[in-house]
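In: Return atomic coordinates for the entry below.
(chains A, B, C and D)
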2 protein chains.
Amino acid sequence: MARPREFDMDAAVDGAMQIFWRLGYAATNLPELLSAMGLSRGSFYKAFGDKHSAYLAALDHYDRNCIGAAVRLLGDRSRGDGAARIVQLFEQTGCGEGVAPRGCFVCNAMVELGPHDRTVAAKTAAMSSRLDAAIYDALGDIDDLKHDDTASRHRKAAIITRLYLGAQAMSKTGDKDADWKNLLGELLDCEIA
Amino acid sequence: MARPREFDMDAAVDGAMQIFWRLGYAATNLPELLSAMGLSRGSFYKAFGDKHSAYLAALDHYDRNCIGAAVRLLGDRSRGDGAARIVQLFEQTGCGEGVAPRGCFVCNAMVELGPHDRTVAAKTAAMSSRLDAAIYDALGDIDDLKHDDTASRHRKAAIITRLYLGAQAMSKTGDKDADWKNLLGELLDCEIA
DNA sequence: ATAATTAGGAACCAATTGGTACAAAACAAA
DNA sequence: TTTGTTTTGTACCAATTGGTTCCTAATTAT
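Out: You can find the predicted model right below:
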């Protein structure tokens, strides 16, 4: 028995994600944030409490959407074998010839706030673990993979997860000439279709 | 024919590097920066002009000292073969059991300012290239390295550079249980002494 | 000595920061 | 329609932001 909210919650959080992703936490000020979310101060503080909580909501939104899409891609057997899917992950997200080098929000968040914010550290660690697990699974779907015991596969997944985050960082300086197909093929010691 | 400056320029820049490294650019305010540099507003603005220029000076300082040390380590034949030196790079800088997970200033800088600051983008890209070149050279100093044509070695160096930056990012969430010796041994497909 | 020049430091500045107060408006239940 | 509850937007706030001014102190060349 009250007035319903007028704005679309998901759209607002998505707007917050976009600008935090692009500018970072500290460099995003309230006016810009409100504009990106499409709401006024009143609605914002009523719904989110403060800037930091909005940032956390944006991180969760990224987890649900972007990390979710990456995990889905890595597990989609209609897109080729595991190695091919991993290559697609690298080519699609940021590293490719896409316009704006916005990198990966998880990488941004862990670098900017990880050491000073336990909540952000935990959330970003969980997201990179999710990615790592999906990569591990994809590695199990490669036919001619050598040395494929469990420990070795875990190590390979750990390498690729860090390689992914490192590539996301480097993409921000304009780096985009990496030949991911051959790079990953060499790493995995296998031919990629 | 003028009053000489009282403070030690190099010590001041080093202080700036420390706090920018720890807090990032936007999150470091003038009072904290001045305190870390050990100088007053007057001296600061006289010597550096503004906050941004001090940040650039801190980046150059990092290049000279920290990247320089890494390059020296990678080229020091008294520390084992190339593979062993690369492992030491990972174990020494941040990823090891060192206390504060401050990661790598280059990684911080490219992630925070890369897309919005051409100068920072250029400087960080140059530093990662320097690292990449040193890694490439170290790869040439491994005896039982397989598939060692030039192109393959370049690809391996590119992988390791990105792996390094990614590990630096992840270290900020408290991640520090990576077994770099076996991880890199697997990647390089060789035994590490 | 003294003139010229520069370092140092405190007071000061406008603009911006994230956040709050509050009144008007919009709804649901009665 | 009335009542109770919640959203919304504006006006407002103290504190902080990066940066400037300006006077004094220190030094060297003459």
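In: from the middle of its chain, how far away would stretch A:168-182 be?
Out: Computed by Cα atoms, centre = their mean, to the nearest Å, the chain-centroid distance of stretch A:168-182 equals 16 Å.
In: Would you mark the buried spots in stretch A:174-182?
Out: Across stretch A:174-182, burial judged by 16 or more other Cβ atoms under 10 Å in any protein chain shown covers A:175, A:178, A:180, A:181. Just so you know, the C-beta spots here come from the backbone N, C-alpha and C atoms, and that holds for glycine as well.
In: Who are the packing partners of whichever strand or helix holds residue A:15?
Out: Assessed by DSSP states H and E, residue A:15 sits inside helix A:9-23. Helices and strands touching helix A:9-23, by 3 or more Cβ pairs under 8 Å, 6 or more residues apart in numbering or on different chains; DSSP states H and E, are helix A:30-37, helix A:51-62, helix A:105-113.
In: show me what contacts residue A:46?
Out: Contacts for residue A:46 (Cβ atoms under 8 Å, 6 or more residues apart in numbering or on different chains) come out as none.
In: shouldn't residue A:71 be in contact with residue A:130?
Out: Yes: checked against Cβ atoms under 8 Å, the pair residue A:71 and residue A:130 is within contact range at 6.2 Å.
In: higher neighbour count, the two?
Out: Higher neighbour count among residue A:71 and residue A:130: residue A:71, with 20 against 17, using other Cβ atoms under 10 Å in any protein chain shown.
In: Next one: that one relative to residue A:20, how far apart?
Out: 21 Å (Cβ to Cβ, to the nearest Å).
In: Turn the helices and strands packed on helix A:9-23 into TSV, including mean pLDDT.
Out: Output for the helices and strands packed on helix A:9-23, formatted as TSV (pLDDT from 0 to 100):
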stretch	mean pLDDT
helix A:30-37	98
helix A:51-62	98
helix A:105-113	98
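In: residues contacting residue A:157?
Out: Per Cβ under 8 Å, 6+ apart, neighbours of residue A:157: A:132, A:133, A:135, A:136, A:139.
In: Could you look up the SS state of it?
Out: State at residue A:157, reduced to three classes by DSSP: H, G, I helix; E, B strand; the rest coil: helix.
In: what about the closest residue to it other than its chain neighbours, neighbour count?
Out: Sequence neighbours aside, residue A:136 is the residue nearest to residue A:157 in space, at 4.0 Å (criterion: Cβ to Cβ, 6 or more residues apart in numbering or on different chains). Number of residues near residue A:136 (other Cβ under 10 Å) recorded here: 19.
In: hang on, the earlier thing: distance between the helix holding residue A:15 and the chain's centre?
Out: The answer for helix A:9-23 is 14 Å, by Cα atoms, centre = their mean.
In: repeat for stretch A:179-191
Out: 22 Å.
In: And stretch A:26-34, by the same measure?
Out: On Cα atoms, centre = their mean, the centre of stretch A:26-34 falls 21 Å from that of its chain.
In: next one: stretch A:113-128
Out: Counting by Cα atoms, centre = their mean, stretch A:113-128 comes out at 13 Å from the chain centroid.
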